[in-house]
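Novice: okay, here's the prediction I keep looking at, along with the sequence it came from:
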Amino acid sequence: MTPEEKREARRKFYAGEPAAPSAPQVSYPPCRRTASWAARIAQFAEVVLSPPVPDSVFALRQLKCSACPHRQEKGGAFFCGCCGCPKWRLSTLDFKNRLSLWECPIGEFGPADPA
């Protein structure tokens with residue numbers, strides 16, 4: 001892939017456009033991203049320090065994420081492709097879905113009451 005093609009693919013990704021013309025159209029809304037890195041870091045700290053959710057809420061969140069076309073796999077772990085987090089231990093869906101303030105970036109679920 002040439003640098004121009006990579007740039008165009010990134011532009012399409014951030015604009016919420018399909019990656020390829022033959023890609024199936026899904027009814028999910030496009031990804032939402034926080035405007036600045038400083039705001040993203042502050043939000044990340046607040047969410048990571050939030051208390052855990054009950055097991056029933058965790059299971060429901062995992063179920064919703066398993067059907068999402070934005071879910072990505074890396075090294076046997078699953079990640080949200082919309083939130084913009086780097087792919088590391090604290091951004092796996094197993095970790096994030098246990099946090100009460102974590103909410104789906106496409107609106108499938110919002111913050112929950114802690115356990």
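Specialist: Everything's here; your move.
Novice: quickly list what residue 99 is bridged to.
Specialist: residue 52 (DSSP bridges).
Novice: closest to the centroid, which residue in the chain?
Specialist: residue 80 (3.0 Å; C-alpha atoms, centre = their mean).
Novice: check contacts around that one.
Specialist: Neighbouring residues of residue 80 by C-beta atoms under 8 Å, 6 or more residues apart in numbering: 65, 68, 70-72, 91, 93, 96, 104-105. Backbone N, C-alpha and C define where each C-beta goes, glycine included.
Novice: ok, and the most crowded of those residues?
Specialist: Using other C-beta atoms under 10 Å as the neighbour test, the contacts of residue 80 are led by residue 96, with 22 neighbours.
Novice: now do the contacts for that residue.
Specialist: Counting by C-beta under 8 Å, 6+ apart, residue 96 makes contact with 47, 80, 83, 102.
Novice: lowest-confidence helix or strand of the protein?
Specialist: Least confident helix or strand of the chain, by mean pLDDT, DSSP states H and E, is helix 3-15 with a mean of 78.
Novice: before we move on, back to that, now, which of the contacts of residue 96 lie within strands?
Specialist: Among the contacts of residue 96, the members found in strands (DSSP state E) are residue 80.
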